[in-house]
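Asker: The sequence isn't on hand, but the structure is:
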């Protein structure tokens, strides 16, 4: 497919007055030189790499770049007309004027003294145009009575040769050829330095094609910057569907009988930007067979490095009709559902849509559709405040259930329905019998029945947007995270960016001195039909092989070895757990999270309390030494824990609040996991200071001169990973920005805890990123080798 780049002016010079004669002459000389270079490039077989617009103060044009690094500029004229011959006239004052733009404008013709040339009276002369030996226009002045006697010759820089003027540049996107046509009809062809595709990857193993319907699959082309042609109307398009058969045939491509490739288009992000190398193929059932399952490939007609034609085939994938009744289309307010062949179907609608009265249009591959036992037809009105179970009964009477729900962004949606829509008002009492659906999550869609939910948090529970704790009926994977019963929905109410916690957790995951950091995913939440905005669904800190991986204790663990662990502790001034104590020297509020009150016995309580006492004696007691306290604590974990809180500018350990430690059986005390980064974090006020050097036991550990070499070692082990967090901030913002904007509208802030309430989400993220990089540079200056 040829694409016109530009229709260039054939005339080299237009609308230029005589006062610009020097500039004119220089430009013409330059253009003639460049045309010569262009002709030479053609003769030498150079490859054009790029043609880009050029804009100057007085003229525009095109820069033609070659693969060897050289480039030339081709100037346009000022009006886009073809090459012309000068036009003369005598003005009302009797002087000759000349036009270089086909009579659009005229300028005074002057002699070598700079005087106007008169055309009337006894001093009047005639003017004629001749061409010099070098092909330029020359104006000759003569008396009409004696035309052979030339009074004066006025040389111009204007070439009369159209061979020195470009008329057009045309680029063939598919073949990679640039066509240049001169004003005299001379044509040149240059090979464009094109990256041809060399491979194709189908992003599906099986493509379900509804009978009489259409479906899509995604594929990638390698390399991602390869030039592709998505047009299917050519005799041999770049992409062809091939029916993979065992028999050898003369043709590389065997046209499928039951389906056809209907359309190709580039994948785009939420902003409509094209994603390099990623495409969508539309496949249409031709209605000639009721059931089939065939192997297929997508064939790429391309060229090798020598420009020779070749064909490349994808791996074999299946195209088949559904093995069960299914929706072939499901449309609400002109928005089409995705994953029609899956149990969970999602339709994305704009935020603010009234979902209580929506009338979907749908078609099915076979059978009838019912909801709550009542047959329904297209355009029946439904309340989509929660997922609706549509049942399709096939022609053989078999029933299949599909949950259809609404999403508002690209994020997964967590629908929570408490029993009888009871409000969640307690942090202590679980609401049993709750239904939880996770939708718009691809392979991680799931219905969690018999779940429990309650409130959580200390300060955060008092905010308008509430955080919640979830207990599933059994250990289950959630959004691809390892199985467990206990999960947390962090509201991030005071965090305009919505990513402070998730970014801090990512930093902690990079610090290899910390064995475990909670995993999480950003989601949208709908509670009892009410949209609550953006939440962070993450793992609750618990002892488990997939979380804090230490020994889980039983009440019977009281012998000398088993009583040593594992223990999960929290240091928090709220001091609100059942089993708790204050440390003897620093008076720190320790709470025993696990074993919990149903397991922990008096001997175990006494053991861990005594162990904390021994740590403080080793840290602060008479004759304290570094070697002494290192018998009790894992230094790498304490330093990495401190580094994470410093670089995020989080002062929670100084209160102290949400400071976790754990001790495994036979092991030392470890710092972590990290927790709670939504409140006054990533603040520019802290980007040139350290704020946690006196928190908990840091006044002894971090300020110990013997520790400094280890701090530097830990910083340098982590620094490049820490530096990459700037890109992670950008990535997370791009992933959630639509949801975060809706969240900002739903929960306008006025507390200004993070000093960014008045900013847009985008600007708040930029401010956060700016702080982080400034703090990184500050700490790098302190600890870099």
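Answerer: Great, that's in hand. Worth saying up front: this structure is predicted, and the values here are computed from it rather than measured.
Asker: hey, let's count contacts and neighbours off CA atoms from now on
Answerer: Noted.
Asker: where in the stretch 1-150 of the chain is pLDDT low?
Answerer: The stretch 1-150 of the chain contains residues with pLDDT under 70 at 1-51, 53-62, 64, 66-87, 100-103, 119-124, 131, 135, 144-145.
Asker: List the contacts of the spatially closest residue to residue 222 that is not a sequence neighbour.
Answerer: Nearest non-adjacent residue to residue 222, counting by CA to CA, 6 or more residues apart in numbering: residue 199, 5.0 Å away. Contacts here follow CA atoms under 8 Å, 6 or more residues apart in numbering; on that basis residue 199 touches 221, 222, 223, 300, 312, 313, 314.
Asker: Any chance of the backbone angles for residue 199?
Answerer: Note on residue 199: backbone dihedrals following degrees, to the nearest 10 are phi -160, psi 160.
Asker: cool, and residue 461?
Answerer: phi -70, psi -20.
Asker: returning to that earlier point: closest to residue 442 out of the contacts of residue 199?
Answerer: The nearest member of the contacts of residue 199 to residue 442, counting by CA to CA, is residue 221 at 22.8 Å.
Asker: what sits up against the strand or helix carrying the closest one?
Answerer: In the assignment (DSSP states H and E), residue 221 maps to strand 214-222. For strand 214-222, the external contacting residues (CA under 8 Å, 6+ apart) are 197-204, 207-209, 277-285, 328.
Asker: Check which helices and strands the helix or strand harbouring residue 406 sits against.
Answerer: Following DSSP H and E, one finds residue 406 within strand 399-407. Contacts defined by 3 or more CA pairs under 8 Å, 6 or more residues apart in numbering; DSSP states H and E place strand 399-407 against strand 344-348, strand 388-393.
Asker: Minimum distance to residue 721: which of those strands has it?
Answerer: strand 344-348 (35.9 Å).
Asker: Following that closest one in sequence, what is the next regular element?
Answerer: strand 361-364.
Asker: Pull up the pairing partners for that next one, direction included.
Answerer: Here strand 361-364 has these sheet partners by DSSP bridges: strand 327-332 (antiparallel).
Asker: mean confidence score for the partner strand?
Answerer: On average, the pLDDT along strand 327-332 is 90.
Asker: quick one: strands adjacent to the lengthiest strand in the chain?
Answerer: In the chain, taking DSSP state E as the definition, the longest strand is strand 146-159. When pairs are called by DSSP bridges, strand 146-159 turns out to pair with strand 136-143 (antiparallel).
Asker: quick one: the strands in the stretch 551-700 of the chain?
Answerer: Here the stretch 551-700 of the chain has its strands, by DSSP state E, counting those that start in this stretch, at 567-571, 580-582, 589-594, 659-663, 669-671.
Asker: mean confidence score for the last one?
Answerer: The pLDDT scores in strand 669-671 average 99.
Asker: residue ranges with poor pLDDT in the stretch 151-300 of the chain?
Answerer: Scanning the stretch 151-300 of the chain with the threshold set as pLDDT under 70 gives 157-180, 182-184, 188-194, 248, 270-271.
Asker: quick one, phi/psi of the closest residue to residue 484 other than its chain neighbours?
Answerer: Of all residues not flanking residue 484 in the chain, residue 475 sits nearest, at 4.2 Å (CA to CA, 6+ apart). Per-residue torsions, residue 475: phi -70, psi 120 (degrees, to the nearest 10).
Asker: Now do the contacts for residue 475.
Answerer: 483, 484, 485.
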